[in-house]
Every structure is written in structure tokens, then in C-alpha cells.
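Visitor: Whatever this is, show me its structure:
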Amino acid sequence: MTRRLPSLNQLRAFEAAARHESIKLGANELCVTPAAVGHQIKGLELELKTALFLRKTRKIILTEEGRTLSEHLGKALDAIENAVAEARKSHLVGTLKISIAPFFGNRWLLPRLPIFHKKHPGIEIKLSLSFDYVDLGTSGFDAAVRYGAGEWDGMICTLICKDVVRPVCAPQLVEGRRLPLAAQDILELPLACGQRWREDWMVWAHAAEVKIAEPRRIIEYESRAFMFDAALSGQAVILADSRMTKADEAAGSLVQLSPIKVDRPQGIYVVSEVTPNPDPRLVLFENWMKQEAGS
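Guide: Numbering: from 1, shown residues only. Presented below is the predicted three-dimensional model:
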């Protein structure tokens, strides 16, 4: 049987751009120019005789056909990556030294590392918990796990997961109230956010169809760790991803106030140096993190 497939370069370019929702970030991941990615996508659209993106000023939006193709293609390429990693398993030994922020490391990755080590006993993941951005070219680290929008120029930025947030707080802050709360009632409680993400509450209010100029009681914190501490101590409501709050909710330390969720442009990335031959151990680790984040 002859497979009727478009160019693999076209498919990879489209999938990377679709996953990042950005031609530029997709190009950074593939170590090519944005023009090259745009050219490959146009070629794919011509072959498929359908538009995959709507081009807006400074951004692209997937069409319905593009979103469907992106979802199926992402799963197929993940399967290919896993198959290639399995074929290379004889080389999958040694230590990966990875820098990671203490908040994500302690709350999410460290509790899961035994699962990875049991599955891949030949690879040791050595984490260094630090708030500092290390220079991967001179520090001796193989990669860094970072939180942001994937805009680290000159680096390979592999998306692990994007934030999907909803309001949570300590139960004592809403003691005696029946949950879920109405959106307007939530917005009248003390609210907390990161210094760079004050607008998140306006985005959530819009999703909840509440018209407000701006919530009056927002406390800004310089890091997500401090913001979570404020929520756990009963001082404020925060917008948080359930991957970060699952254990606290199970323990009764946090409660969900509303089922209304919003997508954020920020997420977790594995950042590494550009190289023509990616380390198969790092690729395996990235794929494992994606699977864990999606489960």
C-alpha cells in the first residue's frame, strides 16, 4: 500500500506552529526561520485545498479544519517520537541535569520522578531547584523547566502544558457558603495574582460574563509560590491550574469555587540549547512529562 501523505516537513511545520499558536515560536522549536515555516504551511494548505489558519495582525488562529488536523497530527507525532525513543533505548543511560523553579519542582515534578526512574532506570534526572535563569551554554545543565509563553530566543522550547485556570481558595475563606459561588460573589472576595498577571482576573470575569471595570481587592505577589501561600493561608482567592492544586484539593486545603475555567498563554516548557542532534534521553523525558501533564 502506498501512503498518500503530504511532505513531512510541511506537517512538522504546521504542527509546531499550531501547538504554539505562533509561527515564530514554531520556527524557534524547529530551528528554522519564520518565513520557512510560513512557506511550508502555505504549501500544505495548497495541497489540502483548505485554510488551516486565519491570519490576524501579529497572531494566527486555527480554523476548524486546522484544529482537527493539529490534534490528530500531534498525537501521531508523539507516537513517532515515542517509537524512535524506544528504538534508541540502548543509548538511554546516564544523568540529565535540569534546572527548575522550586514551585513547580516541589509541587508537581519531584513527586512524579520515581515513576520516571522506575520506567527508565538507566536515566537519572538530577534536579537543581532555583529561582535563577541559568545560562544553559555555560552552566553544565542539559535543560531547564521554565514557566512562561515560550519566548526564549535562540533556544528550543518544548511545550509540556498550558495553564487552564479557575478560582480556588482555602475553605475557611468561604466557610458557611454553599459552593459553587456565583461569579460576582467570587469577585467581591479578596483576590490574589502574580505581578505580571493582574489582567487574569479580568479575563476570568469576562468568561463568567460579569461586567466590571476591575476587581477592587487584588493583592499582587512577586511569584506564584507566594500567591499559592496566600491562598493556602486563607488570605485570598487565586486562579490556578488543577494540576497544581489537585493534591491540596484532595487534602481539603483548597476548594474550587467555580467550574468556569480560562486558558492562559503561559505554560510549562522544557528549554534546551539548539542542536542538530537532540539528546534522545531529553526527548524521552519531555514526552513523559507531556503524558503526565495530560493524565
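
Visitor: ok, V134 to K126 distance?
Guide: Counting by C-beta to C-beta, to the nearest Å, the gap between V134 and K126 amounts to 13 Å. Where C-beta positions appear, they are placed from N, C-alpha and C, glycine not excepted.

Visitor: try M155
Guide: Summarising the geometry, the distance separating M155 from K126, computed by C-beta to C-beta, is 20 Å.

Visitor: more crowded one of these two?
Guide: Remark: of M155 and K126, M155 carries more neighbours, 20 against 10, as counted by other C-beta atoms under 10 Å.

Visitor: need the contact list for the residue lying closest to that one once chain neighbours are set aside.
Guide: Counting by C-beta to C-beta, 6 or more residues apart in numbering, M155 lies nearest to V271, which is 5.0 Å off, once chain neighbours are set aside. Shown in contact with V271 (C-beta atoms under 8 Å, 6 or more residues apart in numbering): L136, A143, A144, V145, R146, W152, M155, I156, C157, T158.

Visitor: if you set the cut-off to 10 Å instead, what comes out?
Guide: With contact taken as C-beta atoms under 10 Å, 6 or more residues apart in numbering, V271 is in contact with 98-99, 133-134, 136, 141, 143-146, 148, 150, 152, 155-158.

Visitor: and it, which of the three is it?
Guide: Assigned state for V271: strand (three-state reduction, DSSP: H, G, I helix; E, B strand; the rest coil).

Visitor: Check the one 10 residues further on too.
Guide: On the three-state scheme (three-state DSSP), R281 is labelled helix.

Visitor: Give the burial count for it, as a bare number.
Guide: Residues lying near R281 (other C-beta under 10 Å) number 22.

Visitor: Also A51?
Guide: A51: 13 neighbours (other C-beta under 10 Å).

Visitor: Equivalent analysis for V203, please.
Guide: Using other C-beta under 10 Å, the number of residues around V203 comes to 15.

Visitor: Quick check: pLDDT value at it.
Guide: At V203 the predicted local confidence, pLDDT, stands at 92.

Visitor: Might one say that it is in contact with L239?
Guide: Yes - checked against C-beta atoms under 10 Å, the pair V203 and L239 is within contact range at 8.8 Å.

Visitor: can you list residues touching both of those two?
Guide: Where contact means C-beta under 10 Å, 6+ apart, the residues bridging V203 and L239 through contact with each are V165, W197, V262, R264.

Visitor: before we move on, the earlier item: filter the contacts of V271 to the buried ones?
Guide: Applying a neighbour-count criterion of 16 or more other C-beta atoms under 10 Å, the buried members of those are 98-99, 134, 136, 141, 143-146, 150, 152, 155-158.

Visitor: now for these, which pair is the farthest apart?
Guide: Pairwise distances among those were taken by C-beta to C-beta; the largest, 18.4 Å, belongs to F141 and G150.

Visitor: pretty sure C157 contacts Y147?
Guide: No - counting by C-beta under 10 Å, C157 does not reach Y147; the two are 11.7 Å apart.

Visitor: Which residue ranges of this structure form strands?
Guide: Listed from the start of the chain, the chain has strands (DSSP state E) covering 53-56, 59-62, 94-100, 123-129, 143-148, 155-169, 191-194, 218-221, 238-241, 255-256, 262-273.

Visitor: Please work out which of these is packed deepest.
Guide: Mean neighbour count, computed with mean count of other C-beta atoms under 10 Å, is highest for strand 238-241 among the strands of the chain, reaching a mean of 24.

Visitor: helices or strands up against that one?
Guide: With contacts defined as 3 or more C-beta pairs under 10 Å, 6 or more residues apart in numbering; DSSP states H and E, strand 238-241 has these neighbours: strand 155-169, strand 191-194, helix 200-207, helix 224-232, helix 242-251, strand 262-273.

Visitor: one step back: which residues do V134 and K126 both contact?
Guide: K97, I98, F141.

Visitor: Can you tell me which of these is closest to E81?
Guide: Distance from E81 was checked for each of the shared contacts of V134 and K126 by C-beta to C-beta. The minimum falls on I98, at 18.6 Å.

Visitor: hmm, who's touching stretch 194-212?
Guide: Taking C-beta under 10 Å, 6+ apart as the rule, stretch 194-212 contacts 147-148, 163, 165-167, 182-184, 186-188, 191-193, 213-215, 218, 220-227, 237-239, 258, 260-264, 266.

Visitor: Just the buried residues of it, please?
Guide: For stretch 194-212, the neighbour count (16+ other C-beta under 10 Å) marks G194, W197, D200, W201, M202, W204, A205, A208, V210 as buried.
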